[in-house]
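K.L.:
predicted coordinates and the sequence they were generated for:
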Amino acid sequence: MSQPILEVKNISKRFRGLLAVNDLSFHVNKGEILGVIGPNGAGKSTTFNLITGVYTSDTGEVKLNGQNITGLSPNVICKKGLSRTFQVTRPFGDMSVLQNVMVGAFLNTSNMLRAEQEAMEMVEFVGLGDKVHSVARTLSIIDQRRLEFARSLATKPTLLLLDEALAGLNSIEVEEAIKLIWKVKEAGVTLVVIEHVMKVINTISDRVVVLNFGSMLAQGVPKEVMNNPAVIEAYLGKGFTQHA
Ligand SMILES: Nc1ncnc2c1ncn2[C@@H]1O[C@H](COP(=O)(O)OP(=O)(O)O)[C@@H](O)[C@H]1O
Ligand SMILES: [Mg+2]
């Protein structure tokens with residue numbers, strides 16, 4: 001088997017008394033969509049923050065394409081091809097859609113024209129072509145999610161981490177967002193997707209990792225994981241419902 005694009009080995013993060021991520025290890029294969037699920041507070045977003053260098057891991061290491069990226073800054077990690085979206089979208093509200101996406105493109109070029117061209121491509125790719133000059137804060141939720149996608153994609157990732165990128169969308173918008181995720185995958189990008197809606201995880205994931213109290217509870221193909229008694233208990237125990 002070829003080398004995983006991402007290897008996470010024994011990472012941990014303690015916030016005062018709370019062990020948010022506890023000796024966690026998993027890997028991501030090239031070209032796959034890995035789903036990450038787990039009850040609220042399970043450590044999913046913290047795990048993304050550890051991988052992308054927003055937080056420094058207390059233990060262990062993270063390797064991207066076999067290269068140790070532990071302790072590098074988010075900017076440097078992003079330049080190496082690892083990009084992410086945030087659970088709470090953070091557009092520059094007063095800037096246009098195009099300008100927001102150009103911020104992503106500037107990671108790899110300082111040429112204004114080139115950044116604009118690349119940003120324009122991504123804006124069209126995510127279906128925001130007709131809103132390219134709209135001010136970001138006037139966008140609907142789905143369009144803000146699209147913008148977040150476009151801005152991440154403009155950094156030219158080989159690995160993209162999506163943190164609840166479908167939150168707040170209605171069922172029709174979720175379908176659209178799934179299509180977009182598949183389109184990104186087809187373009188050759190590997191994805192790790194944190195998502196609450198089980199149906200979405202079942203539909204898009206090649207494999208699933210389940211976190212609970214910062215640790216790995218289960219991993220495997222979606223069907224296997226969803227029928228795992230420990231997984232069902234973790235969700236029902238937290239009053240989890242099948243719907244977002
Ligand atoms: N910056 C922080 N400071 C203190 N506690 C935090 C911080 N970030 C996350 N936590 C805590 O760590 C735990 C895991 O949070 P998080 O990774 O956001 O969970 P999830 O994304 O799975 O819902 C939670 O109990 C949360 O309150
Ligand atoms: Mg989270």
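P.N.:
Received the coordinates, thanks. Bear in mind the structure is a predicted one, so any value in this text is a computation, not a measurement. Ligands and ions are numbered 1, 2, ... in the order given.

K.L.:
could you use CA atoms for every contact and neighbour count after this?
P.N.:
OK.

K.L.:
around ligand 1, pick out the residues from the protein.
P.N.:
The chain has residues 15, 20, 40-46 near ligand 1, with proximity defined as C-alpha under 6 Å from any ligand atom.

K.L.:
quick check: the two most widely separated of those residues?
P.N.:
Using C-alpha to C-alpha, the residues of the chain next to ligand 1 span at most 16.2 Å, a distance reached by F15 and N40.

K.L.:
so the two - more neighbours on which side?
P.N.:
N40 (15 against 8; other C-alpha atoms under 10 Å).

K.L.:
buried residues in the lengthiest helix in the chain?
P.N.:
For the chain, the longest helix by residue count, based on DSSP state H, is helix 171-186. The neighbour-count check on helix 171-186 (16 or more other C-alpha atoms under 10 Å) flags 174, 177-178, 180-182, 184-185 as buried.

K.L.:
rewinding a little: drop anything exposed from the residues of the chain next to ligand 1.
P.N.:
Counted by 16+ other C-alpha under 10 Å, the residues of the chain next to ligand 1 give 20, 42-46 as buried.

K.L.:
just the ones of those in strands?
P.N.:
Among these, the members found in strands (DSSP state E) are A20.

K.L.:
want to throw the buried ones among the residues of the chain next to ligand 1 into JSON lines with pLDDT and distance to G220?
P.N.:
Listed next are those as JSON lines, based on pLDDT from 0 to 100; distance: C-alpha to C-alpha, whole Å:
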{"residue": "A20", "pLDDT": "98", "distance to G220": "22"}
{"residue": "A42", "pLDDT": "96", "distance to G220": "18"}
{"residue": "G43", "pLDDT": "97", "distance to G220": "19"}
{"residue": "K44", "pLDDT": "97", "distance to G220": "17"}
{"residue": "S45", "pLDDT": "96", "distance to G220": "20"}
{"residue": "T46", "pLDDT": "98", "distance to G220": "21"}
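
K.L.:
remind me which residues of this structure are low pLDDT?
P.N.:
Within the chain, the segments meeting pLDDT under 70 span 1, 236-244.

K.L.:
let's check: the centremost residue of this structure is which one?
P.N.:
L162 (1.7 Å; C-alpha atoms, centre = their mean).

K.L.:
surely that one is in a strand?
P.N.:
Yes: read with DSSP: H, G, I helix; E, B strand; the rest coil, L162 is one of the residues of a strand.

K.L.:
and it, how far from ligand 1?
P.N.:
In this structure, L162 and ligand 1 are 12 Å apart, going by C-alpha to the nearest ligand atom, to the nearest Å.

K.L.:
quick check: that residue touching V193?
P.N.:
Yes: using C-alpha atoms under 8 Å, L162 makes contact with V193 at a distance of 4.8 Å.

K.L.:
domain ranges for this protein, per the record?
P.N.:
Residue ranges for each domain of the chain read 1-81+157-237, 91-156, as given by automatic domain parsing.

K.L.:
need the winner for burial among those.
P.N.:
Most buried of the domains of the chain, by mean neighbour count (mean count of other C-alpha atoms under 10 Å): domain 91-156, with a mean of 20.

K.L.:
kindly check the end-to-end length of it for me.
P.N.:
Domain 91-156 has an end-to-end distance of 18 Å (C-alpha to C-alpha, to the nearest Å).

K.L.:
before we move on, what about stretch 178-192?
P.N.:
From its first residue to its last, stretch 178-192 covers 13 Å (C-alpha to C-alpha).

K.L.:
ditto for stretch 225-232
P.N.:
Start and end residues of stretch 225-232 are separated by 9 Å (C-alpha to C-alpha).

K.L.:
distance between it and the chain's centre?
P.N.:
Computed by C-alpha atoms, centre = their mean, to the nearest Å, the separation of stretch 225-232 from the middle of its chain amounts to 23 Å.

K.L.:
also stretch 61-72?
P.N.:
Distance of stretch 61-72 from the chain centroid (C-alpha atoms, centre = their mean) equals 17 Å.
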